[in-house]
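Student: what would the 3D arrangement of this be:
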Amino acid sequence: MGLWIASWASTFVLTSNWPRKYLLALVARIAIIVLSLAMALTTMGLADSIVALAFGLPLVGVALAIGLAFGLGGRETAAKQLDQCKCR
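Tutor: Predicted coordinates:
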């Protein structure tokens, strides 16, 4: 079923007028196949912890990256706000 949905999504993207539709079709196909494989492994009771780690670790990495970007990028703005309110 996952392969059929991946093929359908890829064909849908390829018939559109989107720029870089070939790359987007490939990414959509691979993402759907990986997701359906993970769902199948979880349903069969195989590799539950591996599937959880495979989807959890990238999410944690993205959250850390956003936190670092916000923290490092907002230092100057935070310093200006503290200087304006004379909170130091």
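Student: what number of residues lie near Val51?
Tutor: 16 (other C-beta atoms under 10 Å). Every residue, glycine included, has its C-beta placed from N, CA and C.
Student: let me fix that: Arg29
Tutor: 19.
Student: also the one 5 residues further on?
Tutor: Val34: 14 surrounding residues under other C-beta under 10 Å.
Student: what's stretch 13-23 in contact with?
Tutor: Contacts to stretch 13-23, defined as C-beta atoms under 8 Å, 6 or more residues apart in numbering, come from residues 24-25, 28.
Student: list the buried ones in the helix or strand harbouring Leu57?
Tutor: In this assignment (DSSP states H and E), Leu57 forms part of helix 48-73. Burial within helix 48-73, assessed by neighbour count using 16 or more other C-beta atoms under 10 Å, is assigned to Val51.
Student: any idea which helix or strand comes after the helix or strand where Val13 lies?
Tutor: Assigned by DSSP H and E, Val13 falls within helix 2-14. Using DSSP H and E, the helix or strand that directly follows helix 2-14 along the chain is helix 21-44.
Student: buried residues of that following helix, list them for me.
Tutor: 21, 24-25, 28-29, 32, 36, 38.
Student: restrict that helix to CA atoms and write it as PDB.
Tutor: C-alpha atoms of helix 21-44 as PDB (Å, rounded to 0.1, in the frame of the first residue of the first chain):
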ATOM      1  CA  LYS A  21       9.200  18.900  -9.600                       C
ATOM      2  CA  TYR A  22      11.600  16.000 -10.300                       C
ATOM      3  CA  LEU A  23      13.500  16.500  -7.000                       C
ATOM      4  CA  LEU A  24      10.200  17.100  -5.100                       C
ATOM      5  CA  ALA A  25       8.700  13.900  -6.600                       C
ATOM      6  CA  LEU A  26      11.800  11.900  -5.500                       C
ATOM      7  CA  VAL A  27      11.700  13.400  -2.000                       C
ATOM      8  CA  ALA A  28       7.900  12.600  -1.700                       C
ATOM      9  CA  ARG A  29       8.400   9.100  -2.900                       C
ATOM     10  CA  ILE A  30      11.300   8.300  -0.500                       C
ATOM     11  CA  ALA A  31       9.500  10.000   2.500                       C
ATOM     12  CA  ILE A  32       6.300   8.000   1.900                       C
ATOM     13  CA  ILE A  33       8.200   4.700   1.500                       C
ATOM     14  CA  VAL A  34      10.200   5.300   4.700                       C
ATOM     15  CA  LEU A  35       7.100   6.300   6.700                       C
ATOM     16  CA  SER A  36       5.200   3.300   5.500                       C
ATOM     17  CA  LEU A  37       8.100   1.000   6.300                       C
ATOM     18  CA  ALA A  38       8.300   2.400   9.800                       C
ATOM     19  CA  MET A  39       4.500   1.900  10.200                       C
ATOM     20  CA  ALA A  40       4.800  -1.700   9.000                       C
ATOM     21  CA  LEU A  41       7.700  -2.500  11.300                       C
ATOM     22  CA  THR A  42       5.800  -1.000  14.300                       C
ATOM     23  CA  THR A  43       2.600  -2.900  13.400                       C
ATOM     24  CA  MET A  44       4.500  -6.200  13.200                       C
END
